[in-house]
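Engineer: need a structure here:
(chains A and B)
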Amino acid sequence: MSLERFMNQAISSWMSAEGPDSDIVLSSRIRLARNIKQYKFPTLFSNEEAEAVIEKIKARVEHSSFSKLGEMELLLMDRLQPLQKRVLMEKHLISPHLAENSTHGACLLSENEEVSIMINEEDHIRIQCLFPGFQLSEALSMANEIDDWLEEEADYAFDENIGFLTSCPTNVGTGLRASVMMHLPGLVLTQQMNRIIPAINQLGLVVRGIYGEGSEALGNIFQVSNQITLGKSEEDIAEDLKSVVSQLISQERSAREALAKTSNIQLEDRVFRSYGILSNSRIIESKEAAQCLSDVRLGIDMQYIENISKNILNELMILTQPGFLQQYAGGPLRPHERDIRRASLIRERLKMEDQELGG
Amino acid sequence: MICQECNQRPATLHFTKVVNGEKAEFHLCEKCAQEKGELFMLGSGSGFSINNLLAGLLNIQPAFQESGQDPFQQEKVLQCEQCSLTFQQFIKVGRFGCANCYETFKDQLNPILRRLHSGNSSHSGKIPARIGGTIHLRRNIDDLKINLKEMIAKEEFERAAELRDEIRKLEKQLNADQKGGE
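Structural biologist: Next comes the predicted model:
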């Protein structure tokens, strides 16, 4: 398969479309956890109950489709190959738990992949809306509409005092997890993240790197999300997160300005070195690739590099994950082979940019 | 010793990490260790997940019960009627078995929820349209009653009278709804 065709199939709209503040905010996500009253939660339910949950959702979709979403596709985890599940996971459309540990897990996916409804994950229903750029309110209102649409036919487990009942008490109340994926190279380079993360934690929000482990955020990509689901309304949770994200955006912008003023040539050098590595290396590990991609994206945002599309970071961070590399290769790869594949995929992708300009 | 990460607070956590035969010593304060925490925990592959953390948090309760053992009091096993999950099992996995568990473990739950949600223990968000039924209406009435008290305190009696009429109207509607639902 040619890279171009592979990419057309692989890219979800949240990775390629341009959204508000998309120079810093890569994507916004809303997740709502819901359960159906009459069935036991997925940790304890029987096979019959699991199937009944899927049937219920299926019936809802067949009865009256939700016009905004267009055609929805139902994917049963039992029927998918491990590699297919891995690819869905790397695209953030399903969770690792759904892919690996669910009984009769399934996922209802909208055509543009902005909406994915996970079935029989930790809760019976998890509605996820993943939008490009900084669009938390838009994602929330979409999730709410889908929620209302599902509720027309399903009796939710709901308590007047503690709200939506979830399998895990950390999600009870609104069942809402709102998160924003941000590219913050300026704050990392100026070593401000160590100061910022604890401050944000104190506000009941969590910051973590989504690639890589622990405090190390591969590709300088961080996820900021709410921790508390009980006691605040959905709108308040989203607003609180939005205000913190807005502050982070302006801090990142001023960090970039400061860098341009104080170490312009060093930064330009760094950007072009990374560009050189990406366009020439034959073997590249995910960590190095992530760092270089982050540098190049920063270079694009700061107009050192002008002829490369901005999506390159979002796209290649996903496409160079192990699952995608193996799908592109058409079979399993050993880690060393993956590094070779990764290097060639990145080179080829950068070449496509040149061709587009030429043509 | 001062924390090597922030160079401000005293280091309280000291440990040595060996990666590929290379030894590195760490002296961190609690705050920085927390920040770096995941790295070390995950790196060692100890499976230090939110489940374990949660189970640890919940475990505080049975510890109390054990210390206060009364030989004459028969130990009552708290168990959910619908899914037969016991409270002990819940503590282990940190997951409920069904919606009814929330009712069964109600008394144990409040302190846990407060701990997990910075002191909050009651929902103030969305109410599902269909099964929410009269909740919307009742909340509305409660809000108006609070308003009414405020108006009386401010001696704005005209506005208070309006509110009183509105409350009466809604209460009538609520009664009708409840009768209709039964």
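Engineer: What segments of the chain are strands?
Structural biologist: No chain in the question, so chain A it is. In chain A, the strands defined using DSSP state E lie at A:25-34, A:72-76, A:106-110, A:115-119, A:125-132, A:158-159, A:163-164, A:176-183, A:205-209, A:221-226.
Engineer: looking at chain B here, not the other one
Structural biologist: B:13-19, B:22-28.
Engineer: Show me how the chain divides into domains.
Structural biologist: Unless you meant another one, I'm taking chain A. A:1-17+A:29-173, A:260-357 (the TED database).
Engineer: oops, chain B please
Structural biologist: B:1-45, B:47-60+B:77-124, B:132-178.
Engineer: Would the second one count as contacting chain A?
Structural biologist: Yes. Residues of domain B:47-60+B:77-124 contacting chain A under CB under 8 Å from any CB of the partner chain: B:50, B:54, B:82-83, B:85, B:93-99, B:102-103, B:109, B:112-113, B:116-124. Just so you know, the C-beta spots here come from the backbone N, C-alpha and C atoms, and that holds for glycine as well.
Engineer: what mean pLDDT would you report for that domain?
Structural biologist: Per-region confidence: domain B:47-60+B:77-124 scores 82 on mean pLDDT.
Engineer: Please apply the same query to stretch A:74-83.
Structural biologist: 90.
Engineer: Mind listing what's buried along it?
Structural biologist: The neighbour-count check on stretch A:74-83 (16 or more other CB atoms under 10 Å in any protein chain shown) flags A:75, A:77, A:80, A:83 as buried.
Engineer: which residues of chain A score low on pLDDT?
Structural biologist: Along chain A, segments meeting pLDDT under 70 span A:1, A:17, A:65, A:212-216, A:356-359.
Engineer: what residues are up against the spatially most central residue of it?
Structural biologist: Closest to where the C-alpha atoms of chain A average out (CA atoms, centre = their mean) is residue A:92, at 4.6 Å. Residues near residue A:92 by CB atoms under 8 Å, 6 or more residues apart in numbering or on different chains: A:14, A:29, A:130.
Engineer: same check, this time on residue B:86
Structural biologist: B:77, B:78, B:79, B:80.
Engineer: can I get the residues you listed in JSON lines with distance to residue B:142?
Structural biologist: Below are the contacts of residue B:86 laid out as JSON lines (distance: CB to CB, whole Å):
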{"residue": "B:77", "distance to residue B:142": "38"}
{"residue": "B:78", "distance to residue B:142": "32"}
{"residue": "B:79", "distance to residue B:142": "35"}
{"residue": "B:80", "distance to residue B:142": "31"}
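Engineer: Tell me the one of those nearest residue A:233?
Structural biologist: Proximity of these to residue A:233 (CB to CB) peaks at residue B:80, which lies at 29.2 Å.
Engineer: Go ahead and confirm the closest one touches residue B:98.
Structural biologist: Yes. Using CB atoms under 8 Å, residue B:80 is in contact with residue B:98, at 6.7 Å.
Engineer: These two: which has the busier surroundings?
Structural biologist: Using other CB atoms under 10 Å in any protein chain shown as the criterion, residue B:80 and residue B:98 rank with residue B:98 on top: 27 against 23.
Engineer: Just the buried ones from the contacts of residue B:86?
Structural biologist: B:79, B:80.
Engineer: Tell me the residues of the stretch 151-300 of chain A that contact chain B?
Structural biologist: Residues of the stretch 151-300 of chain A found near chain B (CB under 8 Å from any CB) are A:151-152, A:155-170, A:172-174, A:176, A:194, A:197-198, A:204, A:208, A:213-216, A:228-234, A:237.
Engineer: how about 7 Å then?
Structural biologist: Residues of the stretch 151-300 of chain A lying close to chain B by CB under 7 Å from any CB of the partner chain are A:151-152, A:155-163, A:165, A:167-170, A:172-174, A:194, A:197-198, A:204, A:213-216, A:228-234.
Engineer: just the buried members of those?
Structural biologist: A:151, A:155-159, A:162-163, A:165, A:167-170, A:172-174, A:194, A:197, A:204, A:214-215, A:228-232, A:234.
Engineer: As a check, name the ranges of all helices in chain B.
Structural biologist: Remark: helices assigned in chain B by DSSP state H are B:30-43, B:50-58, B:60-67, B:87-93, B:99-104, B:106-116, B:135-153, B:157-181.
Engineer: Please spell out which residues along the last one are buried.
Structural biologist: Across helix B:157-181, burial judged by 16+ other CB under 10 Å covers B:160, B:163, B:164, B:167.
Engineer: and which of these is nearest chain A?
Structural biologist: residue B:167 (19.6 Å; CB to the nearest CB).
Engineer: quick one on the thing from earlier: who wins for proximity to residue A:243 among the strands of chain A?
Structural biologist: Set against residue A:243 and scored by CB to CB, the strands of chain A come closest in strand A:205-209, at 10.3 Å.
Engineer: buried set for the closest one?
Structural biologist: So for strand A:205-209, counting by 16+ other CB under 10 Å, buried means A:205, A:207, A:208, A:209.
Engineer: got the angle for that strand vs strand A:176-183?
Structural biologist: Orientation check (axes from the mean of the first three to the mean of the last three CA atoms, to 10 degrees): strand A:205-209 against strand A:176-183 gives 40 degrees.
Engineer: tell me the most buried of the strands of chain B?
Structural biologist: strand B:22-28 (a mean of 13; mean count of other CB atoms under 10 Å in any protein chain shown).
Engineer: Are it and chain A in contact anywhere?
Structural biologist: No. Using CB under 7 Å from any CB, strand B:22-28 stays clear of chain A, with a minimum separation of 11.2 Å.
Engineer: next one: stretch A:76-84 to chain centre, how far?
Structural biologist: 20 Å (CA atoms, centre = their mean, to the nearest Å).
Engineer: Quick check: end-to-end length of it?
Structural biologist: 11 Å (CA to CA, to the nearest Å).
Engineer: and for that stretch, what are the contacting residues?
Structural biologist: A:85, A:98, A:99, A:102, A:104, A:105, A:106, A:323, A:326, A:327 (CB atoms under 7 Å, 6 or more residues apart in numbering or on different chains).
Engineer: And the buried ones among those, selectable in ChimeraX?
Structural biologist: Here is the ChimeraX command that selects only those of the contacts of stretch A:76-84 that count as buried (16+ other CB under 10 Å):
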select /A:85,98,99,102,104,105,106,323,326,327
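Engineer: of the contacts of stretch A:76-84, closest to residue B:131?
Structural biologist: residue A:106 (23.6 Å).
Engineer: bridging residues for the nearest residue to the closest one once chain neighbours are set aside?
Structural biologist: Distances taken as CB to CB, 6 or more residues apart in numbering or on different chains put residue A:119 closest to residue A:106, at 4.3 Å, once the chain neighbours are dropped. Residue A:119 forms beta bridges with residue A:106, residue A:125, as assigned by DSSP bridges.
Engineer: Let me see the contact set for residue A:121.
Structural biologist: A:42, A:95, A:97, A:98, A:102, A:105.
Engineer: So the nearest residue to residue A:172 once chain neighbours are set aside versus residue B:169, what's the distance?
Structural biologist: If the residues on either side of it in the chain are set aside, residue A:172 comes closest to residue A:166, at 5.1 Å by CB to CB, 6+ apart. As judged by CB to CB, to the nearest Å, residue A:166 and residue B:169 stand 36 Å apart.
Engineer: what's the answer for residue A:180, then?
Structural biologist: Taking CB to CB, one finds residue A:180 at 43 Å from residue B:169.
Engineer: Next, count neighbours for residue A:64.
Structural biologist: 10.
Engineer: Contact partners for residue A:220?
Structural biologist: Contacts of residue A:220 by CB under 7 Å, 6+ apart are A:183, A:184, A:185, A:188, A:294.
Engineer: mind listing which of these are in helices?
Structural biologist: Using DSSP H, these in helices are A:185, A:188, A:294.
Engineer: quick one, phi psi at residue A:302?
Structural biologist: phi -100, psi 10 (degrees, to the nearest 10).
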